[in-house]
Every structure is written in C-alpha cells, then in structure tokens.
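S.K.: pasting the sequence and the predicted coordinates here, then a few questions.
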Amino acid sequence: MKAILELPESHAQVLMLLLEVIPPEVHKWALTGSAGLRLQGVDISVNDLDLQTDEEDVFVIEEKLGDFMKVGVHRWESEHTLSLHGQSVINGIMVELLGNVQHRHLRGAWEPPTDILSSRIWVTWREHRVPVFPLEFEAQAYSKMGRAEKAELIREAIRS
C-alpha cells in the first residue's frame, strides 16, 4: 500500500534514520501510534514516533539508538497495558520503544504479546517500505487501552 498522508518533515527525517539504523527487514518492529496511522490516511497530528517490537528486539533497538536514549528500556504497566518501554530523542523528536506489548482482558488476565511479524503490513513511503499495523488492528488496540475516541477516529478513516 502507498502512504496516504505525509509526516511532518522533522518526523520524516527521523523515520528515514530509523529505517537505516534498524532496518525492519532485519529487526521485528512496526511504526505504530499517530505516525503509523497518518501514513495509512488517518488525519491526525503526529507528536512522536512509536516503534513496537518484541522482547528481544526492543533491547537490540535500544543498543542501536544508544547515543539517543533518554530513558532505558524498563517494564511499564498501566491499567490496560503491560510492556517494555524506553524513550530516545533524535533531532528533537521523541521515539518511544514499546516491546512485548500486552493488553489486559476484561477478566484481568494479560493477553499474549503481539506477534509483530504476522501482524504488520507494509506501506510504501518516499520509496521506503515502512512496517505498520493495519488500521483495524490499531482500532482494536486503542479500544483495549480504553481510548474509545481514538478507536472511533480510526474506524471512521477505515469507512471513508
């Protein structure tokens, strides 16, 4: 699929760097959050870049972004989500690392982590292949995080 909307130029430059430093053909990751949504046509502002990966590659990516890391990868838990989380800043743009993301079932148990390789799809953007999660996958994830308004925005984009 070809990217539908463009990213702000500052974010685009950082994404190009990420594609070079941590090639997604080699490392299991997907661009998620607002940037991944925007490339697929959701008209939303982009504040940062979110990379979702697995338990192994989150530490590999942390190492490759070593000079840019501001918060090392650590366990992070909220009411709805459990993951490994780290933050880097590249040219003033926050890059969030999310590894082994799990969502809590209504009954309280954690779902298994997302299988990145079987879940991601590819968007062609500026002659680069960028891994993202399909919009319906993203809508479900936002619903599981208790963010119904964002989930509905994504579903509106799917319908149009």
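M.R.: All right, it came through fine. Numbering: from 1, shown residues only.
S.K.: surely I90 meets L17?
M.R.: Yes - counting by CB atoms under 8 Å, L17 is a contact partner of I90 at 6.4 Å. In short, each C-beta sits where N, CA and C put it, glycine included.
S.K.: compare these two (neighbour count), which wins?
M.R.: I90 (19 against 16; other CB atoms under 10 Å).
S.K.: by contact count, what packs against the helix or strand that contains L19?
M.R.: Assigned by DSSP states H and E, L19 falls within helix 9-21. For helix 9-21, the packing partners by 3 or more CB pairs under 8 Å, 6 or more residues apart in numbering; DSSP states H and E come out as strand 49-53, strand 81-90, strand 93-103, strand 128-132.
S.K.: average pLDDT for the first one?
M.R.: Looking at strand 49-53 alone, the average pLDDT works out to 97.
S.K.: let me know the angle separating that strand from strand 128-132.
M.R.: Interaxial angle, strand 49-53 versus strand 128-132 (axes from the mean of the first three to the mean of the last three CA atoms, to 10 degrees): 70 degrees.
S.K.: and the third one, by the same measure?
M.R.: With the same axes, to 10 degrees defining the directions, strand 93-103 sits at 40 degrees from strand 128-132.
S.K.: what's the helix or strand hosting Q140 packed up against?
M.R.: Taking DSSP H and E as the criterion, Q140 maps to helix 135-144. Here helix 135-144 touches helix 33-39, helix 148-159, going by 3+ CB pairs under 8 Å, 6+ apart.
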